[in-house]
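J.: Here is my input, please return the structure:
(chains A and B)
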Amino acid sequence: MATTPTAVTEADERPPAGEPPVLEARGIVKRFGHVEALRGADFTVHRGEVVALIGDNGAGKSTLIKTLSGVHPPDEGEIRVGGRPVRFSTPVDARCAGVETVYQDLAVADDLSVAANLYLGREILRSGPLGRLGLLDKRAMRQGATAALDELGVRIPRVTTPIAMLSGGQRQCVAVARAIIWATNVVILDEPTAALGVVQTGRVLDVVRRARDAGMSVVLVSHNMPQVLEIADRVEVLRLGRRAARLRADEVTTDDLVAAMTGSAEREDR
Amino acid sequence: MSTVEATAGKQSGELSDWLRERLSHAVSEFTAATALVVLFIALSVASPYFLTADNLFNIGAQTAVIAIIAAAQTMVIITKGIDLSVGSVAALAGVVGAMVVRDLGFPLWAATAVAIGVGALAGLVNGLLITVARIPPFIATLGSMSVGRGLVFIITGAVGVYGLPRSFQLLGNGEIIGIPFAVVITALVAVGVAFLLSQTRFGQYTYAMGSNLEAARRSGIRVGRYLTGVYVLAGVLVGLGGMIAASRVNSGQPNYGISLELDVIAAAVIGGASLFGGQGRIVGTIIGAFLIALVRNGAVLLDISIHYQQVIVGLIIWAAVYFDQYRRRRLESRG
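T.: Here you go, the predicted structure:
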């Protein structure tokens, strides 16, 4: 794993038809006691696209996200990264496979600085024997954090500022940036703008666009239909624990999305 | 994106932000330091004995034990934990340290190592109770407080451990060019722990766990291991502190350290450690420890009864925690 975060810079072309999806779930089943949250759910993400995952409350969105990020290992079914089957037993497994997740509320440590949060769990240590004693190279982390945030267009006063002193939007930008910086394949964002105002939401979505333009794949869970159509390339709809529809965002309206979510219209096309 | 609007007003805004950021760290330390100076001057005026060399030496040695154990408590508080067992563990370490000298003829350094080992073991038990058995720190260490005190009484038969050689007093009453040996040890401990907390990965994870345990866990930090490590390291310091305390009175006292947890929690909180986790610095804790030692010392000099001292320490804890809450609210209302 790289020690310095860099957002992916080479912009990949649209995926050639033959390239396997960067992240794929097939026939995922997940039970909690007697409740079957996922009943053979499928999900596909190609390189360099923003896929919105939508569904009514209880459709299994959160559970699917958690299986894809290693929080809840699935009971049945298969997850593939770049066409290769993988097993995610812990969030660390998912991260090692290049899948980073921003959870709704648990994203950052408020008392730590922006730089410390970006490097949390992946600190740069001093070189030589001091590093083996666990001595941090704070300068390198400050510089790395500043460079990475600049690249993503995230504006914060200083990377030494504790997260607690940032606004909600800035906080979320840092959380999203952190995932993008370290992800090599997919970034999963669970309701990243749910608690934000209009301007702040716009900033977070700008960061997502920049990442997509740099070739990153993004999965966005959202309840905000206009926002989904604004930012996503594709939409996958989950209903009753299964994939109910796959839609191209530029071909549908919010009414279509709602219809697919509630099941008042059945369609299975691209 | 409106870069123009962001760069305008950046200069002045940035400076004041920077200042506020610095100040929010230092404000409780500054308040505590001011209180310390005021109290020091007041006591110098109120008591003719206060500024005597003997008394200052005494304050130094007394502060040392509180400061070392408060440094341990600070680490634990930063993780959003609390260690109520420090008094019992310090007594246990001191008593065992004294017993191995008296009964087994251990040299002082070996006895100190044994006392530190006792503290580390107690810390390990606390850590495992919290991380493996998932007992909340308050309850886990409340249990250890009782178990530890019980063990002290069992192994001593509730009788102090006397008959120690004079050399046993080195840690508590010895001096190097007029400076109490205990103060030198405290300074080393303080610098060491401050360095650990601010410059190392272990320190970074200590703050991270206290700030957002789930975020730390999902960042791949092995929180069970690191949290246990914090309690073990705290135990090491408590063991050392207990040994110094025993050395000061040249005996192992089974009653030592009852309600010591209040003094050290007060010291940590006065110095800016937050019981909500994620915040606290050793500089502040050392100032807090001095303040508590001065209150105790001043109360003795001014002939204020021990019962009133208890009341004063309790009031100080209330005030410090209230202040912490207030500060947190202000910080959050900004966000």
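J.: Spatially central residue in the chain, please.
T.: Picked chain A for this. Centroid-nearest residue in chain A: residue A:188, 1.6 Å away (criterion: Cα atoms, centre = their mean).
J.: wrong one, I was asking about chain B
T.: Mean-position check on chain B, Cα atoms, centre = their mean. Result residue B:70 at 0.6 Å.
J.: quick check, it in a helix?
T.: Yes: assessed with DSSP: H, G, I helix; E, B strand; the rest coil, residue B:70 lies in a helix.
J.: pLDDT score for it?
T.: Residue B:70 carries a pLDDT value of 97.
J.: Does it touch residue B:267 like I think?
T.: Yes: using Cβ atoms under 8 Å, residue B:70 is in contact with residue B:267, at 3.9 Å. Quick note: C-beta positions are derived from backbone N, CA and C, even for glycine.
J.: which ones are touching the residue nearest to the centre of chain A?
T.: With contact set as Cβ atoms under 8 Å, 6 or more residues apart in numbering or on different chains, residue A:188 has these partners: A:65, A:68, A:69, A:99, A:100, A:101, A:102, A:179, A:218, A:219, A:221.
J.: And for residue B:150, the neighbour number?
T.: 12 (other Cβ atoms under 10 Å in any protein chain shown).
J.: Is it within a helix or a strand, and which one?
T.: In this assignment (DSSP states H and E), residue B:150 forms part of helix B:137-156.
J.: which helices and strands does the next helix or strand along the chain from that helix pack with?
T.: Of the helices and strands lying after helix B:137-156 in sequence (DSSP H and E), the nearest is helix B:170-173. Using 3 or more Cβ pairs under 8 Å, 6 or more residues apart in numbering or on different chains; DSSP states H and E as the contact test, the elements touching helix B:170-173 are helix B:108-131, helix B:181-199, helix B:223-248.
J.: if we can go back for a sec, quick check: the gap between the residue nearest to the centre of chain A and residue A:38.
T.: According to Cβ to Cβ, to the nearest Å, residue A:188 stands 16 Å off from residue A:38.
J.: Just say helix, strand or coil for residue B:67.
T.: Under three-state DSSP, residue B:67 comes out as helix.
J.: show me the contacts for it.
T.: B:186, B:189, B:190, B:267, B:285, B:286, B:289, B:290.
J.: now the residues you listed in TSV, with distance to chain A?
T.: Formatted as TSV, the entries for those read as follows, by distance: Cβ to the nearest Cβ, whole Å:
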residue	distance to chain A
B:186	23
B:189	17
B:190	18
B:267	20
B:285	16
B:286	20
B:289	22
B:290	25
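J.: Report the two of those residues separated the most.
T.: B:189 and B:290 (14.5 Å; Cβ to Cβ).
J.: So those two - more neighbours on which side?
T.: Taking other Cβ under 10 Å, residue B:189 and residue B:290 do not tie; residue B:290 has more neighbours (25 against 22).
J.: elements contacting the strand or helix carrying that one?
T.: Taking DSSP H and E as the criterion, residue B:290 maps to helix B:282-301. Contacts defined by 3+ Cβ pairs under 8 Å, 6+ apart place helix B:282-301 against helix B:10-46, helix B:53-78, helix B:181-199, helix B:260-270, helix B:306-334.
J.: Can you tell me which of these is nearest to residue A:246?
T.: When the helices and strands packed on helix B:282-301 are compared (using Cβ to Cβ), the closest one is helix B:306-334, at 41.9 Å.
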